[in-house]
Structures are given as structure tokens and as C-alpha cells.
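Trainee: The following comprises the amino acid sequence and a computationally predicted model.
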Amino acid sequence: MKGHRDLIAWQKAMTLVTDVYRPTQHFPKDELYGLTSQMRRAAISVPSNLAEGHGRNSPKEFHHFAGNARGSLVELETQMEIARNLGYLTAEITGDLLEQTAEIGKIINGLRGWAAGAGR
């Protein structure tokens, strides 16, 4: 791998950040420091952890930070379900976002497997 920007997971996670920010702009104002902030932070955490892990130049460290990214991804999935249940996200938007998180999750799992093997 060259740089973190070459990681497909990072590229797709960056798109996910934008796709999370857009609908959360329309959440109720009283959610600004609640669900809006939580979802945005979880989304931002995914590509950030992938970049940090890649920057450590160690398969073991990358495995660790990719695990953190995966954790943020499932945290975001939970928050999206909550937002849908509260009527803040439509079923269509939630479905689209969940498809993205599922794809990114599979890619991250593959990267973690690679890193675990490379770290031996």
C-alpha cells in the first residue's frame, strides 16, 4: 500500500462521512449535541482511524486502528437505526447508509485479516 488515500475502505468511508452529514443537517436543533453530533463523530472516526493506523507503518498497529474503525462503523449503524426510529431519517436513506456501512465493514474485515497475517 502506498498511502492511506489509496485504501478503498478509506475512500468509501470519506464518502460515507459526507452522506451522513447531509441528512443530519435536517435533524431537530435539540439533537445538535446529541444524535447529530454522535453520528457525525462516529462517521468521521472511520476514515480517521484507517488513516492513523496506516500511518503507523506497522501491521499490528494497523490491525488495531482498523478494529477501532470497525467499532465506529457499527456504532454509526446503531445510531442510524435510532434516527430512523425517531423519524429523523427515512427508511430509504437509512437503507442506503446501511448498505455503505456493510460494504465498508467487509473491506475493513479483509484489511484486518491481511494485517493480522502480515504481523506474524
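Mentor: Sure thing, it's come through. Numbers count the residues shown, from 1 in each chain.
Trainee: tally of neighbours for Ile82?
Mentor: As a burial measure, Ile82 scores 14 neighbours (other C-beta atoms under 10 Å). Using the backbone N, CA and C atoms, a C-beta is placed for each residue, glycine as well.
Trainee: which residues touch the closest residue to it other than its chain neighbours?
Mentor: Ranked by C-beta to C-beta, 6 or more residues apart in numbering and with sequence neighbours excluded, the top spatial neighbour of Ile82 is Leu35, at 6.6 Å. By C-beta atoms under 8 Å, 6 or more residues apart in numbering, Leu35 lies in contact with 24, 27, 79, 82-83, 86, 88.
Trainee: closest to Glu52 among those?
Mentor: Nearest to Glu52, judged by C-beta to C-beta, of the contacts of Leu35 is Gln79 at 21.7 Å.
Trainee: what's the spacing between that closest one and Gly53?
Mentor: Applying C-beta to C-beta, to the nearest Å, the value for Gln79 to Gly53 is 22 Å.
Trainee: So between these two, which is more surrounded?
Mentor: Neighbours per residue, other C-beta under 10 Å: of Gln79 and Gly53, the larger number sits with Gly53, 27 against 22.
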